[in-house]
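K.L.:
Here is my input, please return the structure:
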Amino acid sequence: MRHGNLFVISGPSGAGKGTLVARLMHDVPDTWVSRSVTTRLPRAGEVDGVQYRFLSDSEFQDLVESDGLLEWATYGGNRYGTPRATVEEHIANGDQVILEIDVQGAFQVREKLPSAHLIFIEPPSLAVLEARLRGRGTETDEQIAARMEAAKVELSRKMEYDIRLVNDDLEEAACALAAYVNEQAEKIRG
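P.N.:
Next up, the predicted model:
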């Protein structure tokens, strides 16, 4: 029988986390990706409950004060966080819950749920990472430079994760990720 688990996936922007999570959703049917809550306003085309759950400042603060978030942080003047209740509910129902969050958030989650499995996705090299970011064509040179600096900080913490996957070959990385999730889901609990 499979058991519910929490998998926290982190890594630099451009490492391929989103692509690997999409593959995981296809390859492991009992996965569920948590949606973050945020105080920022929806962008054009965003739907409440799909990309994010959009909350007022007071609603977000209520979650903070009631320990209703597994992790949270402020970016660009807006707060973002992971709601605890829905994650715990899905784990209890036997789902393989996926959080795609930054390194800071990953360690906040580990403090609150020590059984969480931390997975670090890394690029084959910083040069490949920069090429991927430039290939997107969505960011300025300054934004890419900032992402590269952030990547160096994130990469410095990769050894603190349970496993590290180098996303050099997408097929191999996707298979390794699915294998790890399935292995944890099928472990006998003592």
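K.L.:
any idea which helix is longest in this structure?
P.N.:
helix 170-186 (DSSP state H).
K.L.:
What is it packed up against?
P.N.:
The elements that helix 170-186 packs onto, with contact taken as 3 or more C-beta pairs under 8 Å, 6 or more residues apart in numbering; DSSP states H and E, are strand 5-10, helix 17-27, strand 96-100, strand 117-122, strand 163-166. Where C-beta positions appear, they are placed from N, C-alpha and C, glycine not excepted.
K.L.:
could I get those as CSV with mean pLDDT and mean neighbour count?
P.N.:
Output for the helices and strands packed on helix 170-186, formatted as CSV (pLDDT from 0 to 100; neighbours: other C-beta atoms under 10 Å):
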stretch, mean pLDDT, mean neighbour count
strand 5-10, 97, 25
helix 17-27, 96, 17
strand 96-100, 97, 24
strand 117-122, 98, 23
strand 163-166, 97, 17
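K.L.:
between the ones you listed, which gets nearest to G76?
P.N.:
Set against G76 and scored by C-beta to C-beta, those come closest in strand 96-100, at 18.4 Å.
K.L.:
Please work out which residues outside whichever helix or strand comes after that closest one touch it.
P.N.:
Toward the C-terminus, strand 96-100 is succeeded by helix 103-112 as the next helix or strand (DSSP states H and E). With contacts defined as C-beta atoms under 8 Å, 6 or more residues apart in numbering, helix 103-112 is touched by 6, 8, 10, 70-73, 82, 84, 99, 101, 116, 118, 153-154, 157, 160-161.
K.L.:
give me the number of residues near A85?
P.N.:
12 (other C-beta atoms under 10 Å).
K.L.:
Would you confirm that it contacts L70?
P.N.:
No - checked against C-beta atoms under 8 Å, the pair A85 and L70 is beyond contact range at 9.8 Å.
K.L.:
got a pLDDT number for R136?
P.N.:
On pLDDT, R136 comes in at 87.
K.L.:
just to revisit the earlier point, so which bits of the longest helix of the chain are buried?
P.N.:
Using 16 or more other C-beta atoms under 10 Å as the burial criterion, the residues of helix 170-186 that qualify are 173-174, 176-178, 180-181, 184-185.
K.L.:
relative orientation of it and helix 17-27 in degrees?
P.N.:
Interaxial angle, helix 170-186 versus helix 17-27 (axes from the mean of the first three to the mean of the last three C-alpha atoms, to 10 degrees): 60 degrees.
K.L.:
Could you check how far helix 170-186 is from the centre of its chain?
P.N.:
16 Å (C-alpha atoms, centre = their mean, to the nearest Å).
K.L.:
oh, and call the first residue 5 from now on, that's how I've got it
P.N.:
That works, and once the first residue is 5, the last one we named lands at helix 174-190.
K.L.:
That one - what's its average pLDDT?
P.N.:
Here the average pLDDT along helix 174-190 is 97.
K.L.:
by how many degrees do it and strand 100-104 diverge?
P.N.:
130 degrees.
K.L.:
Not counting helix 174-190 itself, show me its contacts.
P.N.:
6-9, 11, 20, 23-24, 27-28, 31-32, 34-35, 100, 121, 123, 125, 167, 169-171.
K.L.:
I appreciate the help and will end here.
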